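**Q** Mind folding the following:
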Amino acid sequence: MKFLKLQKNKIVNVAMVVLTIASVIIVFATYLYPVSENQLWTLYIFDLFVTAMLAVDFYSRIKKSDNRLKYVIAHWYEFPALIPLIVYGYADMSPIIQETIRTTRFLALFRLIRLYNLALMMKGSEIILLSSLAVVTIIFGGFGFYISEVESSDRHANVKNLNDAIWLSLETITTVAYGEFYPVTPLGRVISGVLMFSAIGLLWTVVALITSKFVEKKIKPTKVGFVDETKSMIKERIDDIENLNKTEIEALIRMIRSLNNRV
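**A** Take a look at the predicted model:
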């Protein structure tokens, strides 16, 4: 029962990771590329579905929390992530927004923090964790290059827009340098160095992961039979017996009787 619950939580987390990545891609799609009105509304509708799922997930976590107010305050960053893009789209029409920060939709990128937290909870899913960390690093690196390079007065500056900045970030973290883009500002070079070291860390982590998988295949693990698994589950339930309800206690008794009959 506990195993099934863990599997269910894992499936939910994977679904949230996929939806969050999709929502981040939509943020960039609506900003970087020209889309028709019909395409924009399609993206808005899909984003409404994503934010609804994220809101349901957030609400379920609040309900499970022992101190709900403390949990909400600690996870304040999730509120901007729960605002649909259509709201940001209408906010961007304001003359004040257009004359100052130009757009508010990048506030939706607070979803990246939720993505990072989800990735950390994906125990046993190292590939998802590494992929999520790589995506987050590339996006933040791209924004760093955008801030440091686009407005640079250096005549050698070659990053002209956010699209170029994201591409430079991707080139840097994959250690593939085509040469068409490169940082010229001190801050841009610092960001580039951070991305390079991040790439080294991710690479060595992947190598260690692959090596451990090969070692696991060579070492024959001790097989745990059904009886041993049942005993372990019964022990866990007994340790938590004060928190069990009447139905769960009856299920525990049935398990013990079943084990006794099997032995």
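**Q** ok, so what distance separates Ala22 from Ser169?
**A** With distances defined as C-beta to C-beta, to the nearest Å, the gap from Ala22 to Ser169 amounts to 20 Å. Where C-beta positions appear, they are placed from N, C-alpha and C, glycine not excepted.
**Q** which residues does Ala166 contact?
**A** I think there's a mix-up here, since residue 166 is Ile and not Ala. Taking C-beta atoms under 8 Å, 6 or more residues apart in numbering, we find Ile166 in contact with Phe28, Ile138, Ile139, Gly142.
**Q** how does it look with 6 Å?
**A** Residues near Ile166 by C-beta atoms under 6 Å, 6 or more residues apart in numbering: Gly142.
**Q** Next one: Leu168, what pLDDT does it get?
**A** What the model reports as pLDDT for Leu168 is 90.
**Q** do Lys2 as well
**A** On the pLDDT scale, Lys2 is placed at 49.
**Q** Could you pull out the helices in this structure for me?
**A** With DSSP state H applied, the chain shows helices at 2-32, 37-64, 68-74, 78-81, 85-91, 95-99, 111-121, 126-149, 162-173, 186-218, 226-239, 246-262, listed in chain order.
**Q** among these, which is the most enclosed?
**A** Across those, the average number of neighbours (mean count of other C-beta atoms under 10 Å) peaks for helix 162-173, which reaches a mean of 21.
**Q** could you give the angle of that helix to helix 126-149?
**A** 130 degrees (axes from the mean of the first three to the mean of the last three C-alpha atoms, to 10 degrees).
**Q** quick thing: my sequence starts at 742, can you match it?
**A** Got it, first residue is 742 now, which makes that one helix 903-914.
**Q** and helix 903-914, C-alpha only, in PDB?
**A** Extracted as PDB, the C-alpha positions of helix 903-914 are listed here (Å, rounded to 0.1, in the frame of the first residue of the first chain):
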ATOM      1  CA  LEU A 903      17.100  37.100 -26.100                       C
ATOM      2  CA  ASN A 904      17.100  34.400 -28.800                       C
ATOM      3  CA  ASP A 905      20.900  34.900 -29.400                       C
ATOM      4  CA  ALA A 906      21.400  34.900 -25.600                       C
ATOM      5  CA  ILE A 907      19.700  31.600 -25.100                       C
ATOM      6  CA  TRP A 908      21.600  30.100 -28.000                       C
ATOM      7  CA  LEU A 909      24.900  31.300 -26.500                       C
ATOM      8  CA  SER A 910      24.000  29.800 -23.200                       C
ATOM      9  CA  LEU A 911      23.200  26.500 -24.900                       C
ATOM     10  CA  GLU A 912      26.500  26.600 -26.800                       C
ATOM     11  CA  THR A 913      28.500  27.300 -23.600                       C
ATOM     12  CA  ILE A 914      27.000  24.600 -21.400                       C
END
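**Q** related to what we said a few turns ago, of the helices of the chain, which approaches Glu921 most closely?
**A** Distances from Glu921 to each of the helices of the chain were compared using C-beta to C-beta; the shortest belongs to helix 903-914, at 8.6 Å.
**Q** Taking helix 927-959 as reference, get the angle to that closest one.
**A** Angle, helix 903-914 to helix 927-959, by the same axes, to 10 degrees: 50 degrees.
**Q** Show me how far helix 903-914 is from its chain's centre.
**A** Its chain's C-alpha centre and that of helix 903-914 lie 20 Å apart, by C-alpha atoms, centre = their mean, to the nearest Å.
**Q** same check, this time on stretch 811-829
**A** The chain centre lies 15 Å from the centre of stretch 811-829; the measure is C-alpha atoms, centre = their mean.
**Q** pLDDT averaged over that stretch - what is it?
**A** Mean per-residue pLDDT for stretch 811-829: 83.
**Q** Same question for stretch 875-891.
**A** Predicted confidence along stretch 875-891 averages 80 (mean pLDDT).
**Q** Equivalent analysis for stretch 789-796, please.
**A** Stretch 789-796 comes out at a mean pLDDT of 86.
**Q** on that earlier part again, make JSON lines from the helices of the chain and add distance to Glu921 to it.
**A** Conversion of the helices of the chain to JSON lines gives the following (distance: least, C-beta to C-beta, whole Å):
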{"stretch": "helix 743-773", "distance to Glu921": "18"}
{"stretch": "helix 778-805", "distance to Glu921": "29"}
{"stretch": "helix 809-815", "distance to Glu921": "43"}
{"stretch": "helix 819-822", "distance to Glu921": "33"}
{"stretch": "helix 826-832", "distance to Glu921": "31"}
{"stretch": "helix 836-840", "distance to Glu921": "31"}
{"stretch": "helix 852-862", "distance to Glu921": "27"}
{"stretch": "helix 867-890", "distance to Glu921": "13"}
{"stretch": "helix 903-914", "distance to Glu921": "9"}
{"stretch": "helix 927-959", "distance to Glu921": "15"}
{"stretch": "helix 967-980", "distance to Glu921": "57"}
{"stretch": "helix 987-1003", "distance to Glu921": "63"}
